[in-house]
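Fold the following and give me the result.
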Amino acid sequence: MSEVVTGEAVVVEVRVAQLPSRALAFLIDWAVQWAVIILAVVLVTQASVVTDESLATGLLILFVVLVTVGYPVAFETITRGRSLGKLALGLRVVSDDGGPERFRQALFRGLAGFLEFWTFAGAPALITSLLNQRGKRLGDVFAGTTVIGERSPQQTPPPEMPPSLASWAATLELSGLSDDLANTARQYLSRWNQLSPHTRDEMGLRVAARISAQVAPPPPPGVPPYAYLAAVLAERRRREEIRLARVRSTPPPYGPQGLGVQGLGVQRYGVQAPTPPTAPTAPRAAEPPRGGAPTTSGGFVPPV
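Just a heads-up that it's a prediction; the model follows:
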């Protein structure tokens with residue numbers, strides 16, 4: 001995965017196409033181009049019997065230029081970054097800002113491709129792709145484009161909340177849970193069915209022990225590691241969705257919509273707006289002592 005910054009300063013993650021898939025897409029396009037060139041040579045040879053030899057040579061040169069340069073430029077412009085090979089492999093050429101490929105960029109890639117592939121047998125493209133972080137060839141560097149893969153692998157659905165742990169998960173303190181450790185638990189749950197029983201139990205105990213060191217309170221007795229991890233991740237996702245919903249529904253604190261009567265008084269007449277009374281803070285409930293965490297039979301022992 002690679003990050004692309006759009007024109008609106010939004011960071012978007014895209015899957016950059018790998019070198020083998022790009023090479024296979026090029027071979028498909030290369031075979032199509034050679035088939036068209038051979039057909040053009042046959043037609044021009046047949047026409048040279050009744051036409052001038054210089055005219056036949058000029059037509060042949062014109063056909064070769066149209067096939068080697070015009071083919072990728074026309075296809076990528078019409079299909080917004082996809083040739084026949086890229087269409088078969090699920091690839092697309094996009095701008096560095098994530099936008100669709102434009103004609104100017106397709107023309108730069110086509111002209112550079114003629115030198116890279118048809119003049120130097122693809123050596124410059126191979127060397128540049130291996131050295132560039134995003135696998136760009138010279139045409140991509142000059143045009144400011146990137147080849148991405150549109151066929152992303154199937155993602156595992158997020159873990160569901162075990163019904164018996166829903167009320168306990170609502171009391172969790174998740175502020176200390178790091179993103180890296182949550183991703184580790186998510187990967188473990190996604191591969192749970194693929195692991196052997198011994199590896200599954202050993203890894204589950206290890207990941208659950210690390211998470212229980214950052215999450216409170218400890219799980220109820222007898223909770224297996226996979227159920228504990230699923231409950232923690234499901235509750236974390238639920239709270240994140242609630243937070244995002246509140247952010248989207250909150251009006252901006254400025255402009256005509258966010259400027260109330262008090263704001264008008266402060267802005268126009270210099271009147272200090274009265275400070276609203278602060279609501280009393282509810283006393284914080286004492287957390288259970290971590291030293292007395294029970295041993296979960298059939299599950300794991302939370303760290304002391």
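
show me where the stretch 1-150 of the chain has strands.
Assigned by DSSP state E, counting those that start in this stretch, the strands in the stretch 1-150 of the chain fall at 2-5, 11-14, 91-95, 145-149.

Those strands: lowest mean pLDDT?
Across the strands of the stretch 1-150 of the chain, the stretch with the lowest average pLDDT is strand 2-5; it has a mean of 48.

chain center to stretch 108-128, what's the gap?
Distance of stretch 108-128 from the chain centroid (Cα atoms, centre = their mean, to the nearest Å) equals 28 Å.

Tell me the buried residues in it?
By 16 or more other Cβ atoms under 10 Å, the buried positions in stretch 108-128 come out as 108-114, 116-117, 122, 124-126, 128. C-betas here are computed from N, CA, C, even on glycine.

Endpoints of that stretch, how far apart?
16 Å (Cα to Cα, to the nearest Å).

And for stretch 91-99?
15 Å.

Show me the shaky parts of the stretch 1-150 of the chain.
The model of the stretch 1-150 of the chain has pLDDT under 70 over residues 1-14.

Please point out which parts of stretch 41-56 sit buried.
Applying 16+ other Cβ under 10 Å to stretch 41-56 flags 44, 48, 56 as buried.

and what of stretch 177-197?
177, 181-182, 184-186, 188-189, 192.

With adjacent residues omitted, what lies nearest to residue 231?
residue 165 (4.0 Å; Cβ to Cβ, 6 or more residues apart in numbering).

For that neighbour, give its distance to residue 240.
Counting by Cβ to Cβ, to the nearest Å, the gap from residue 165 to residue 240 is 18 Å.

which ones are touching residue 185?
207, 211, 229, 232-233 (Cβ atoms under 8 Å, 6 or more residues apart in numbering).

quick one: the residue nearest to residue 83 when sequence neighbours are not counted from residue 103, how far?
Excluding the flanking residues, the one nearest residue 83 by Cβ to Cβ, 6+ apart is residue 75, at 4.4 Å. Note on residue 75: its distance to residue 103, by Cβ to Cβ, is 12 Å.

Please say which of those two ends up with more neighbours.
Taking neighbours as other Cβ atoms under 10 Å, residue 75 and residue 103 compare with residue 75 leading, 20 against 12.

Could the C-alpha coordinates of stretch 63-77 be exported in CSV?
In CSV, the C-alpha atoms belonging to stretch 63-77 read as follows (Å, rounded to 0.1, in the frame of the first residue of the first chain):
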residue,chain,number,x,y,z
PHE,A,63,1.6,2.5,-39.2
VAL,A,64,4.5,1.6,-36.9
VAL,A,65,4.4,5.0,-35.2
LEU,A,66,0.6,4.8,-34.7
VAL,A,67,0.9,1.3,-33.3
THR,A,68,3.9,1.9,-31.0
VAL,A,69,2.9,5.3,-29.7
GLY,A,70,-0.7,5.9,-30.7
TYR,A,71,-2.0,2.6,-29.3
PRO,A,72,-1.1,3.3,-25.6
VAL,A,73,-1.9,7.0,-25.8
ALA,A,74,-5.4,6.4,-27.4
PHE,A,75,-6.4,3.5,-25.1
GLU,A,76,-5.2,5.2,-21.9
THR,A,77,-6.9,8.5,-22.8
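
helices or strands up against the helix or strand containing residue 226?
Assigned by DSSP states H and E, residue 226 falls within helix 225-249. Packed against helix 225-249, as judged by 3 or more Cβ pairs under 8 Å, 6 or more residues apart in numbering; DSSP states H and E, are the following elements: helix 166-169, helix 179-190, helix 197-212.

now it, how far from the centre of its chain.
Chain-centre distance of helix 225-249: 21 Å, with Cα atoms, centre = their mean.

Pull out the buried positions in that helix.
225-236.

same question, stretch 67-76
67-69, 71-73, 75-76.

Mind checking which of the residues you listed are in helices?
Among the buried residues of stretch 67-76, the members found in helices (DSSP state H) are 71-73, 75-76.

CSV for the residues you listed, including distance to residue 40?
CSV is the format used below for those (distance: Cβ to Cβ, whole Å):
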residue, distance to residue 40
71, 12
72, 17
73, 17
75, 17
76, 21
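
Can you lay out the buried residues of stretch 177-197 as a markdown table showing distance to residue 88 and pLDDT?
Below are the buried residues of stretch 177-197 laid out as a markdown table (distance: Cβ to Cβ, whole Å; pLDDT from 0 to 100):
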| residue | distance to residue 88 | pLDDT |
| --- | --- | --- |
| 177 | 43 | 89 |
| 181 | 40 | 89 |
| 182 | 38 | 88 |
| 184 | 36 | 89 |
| 185 | 38 | 89 |
| 186 | 33 | 88 |
| 188 | 36 | 89 |
| 189 | 35 | 89 |
| 192 | 35 | 83 |
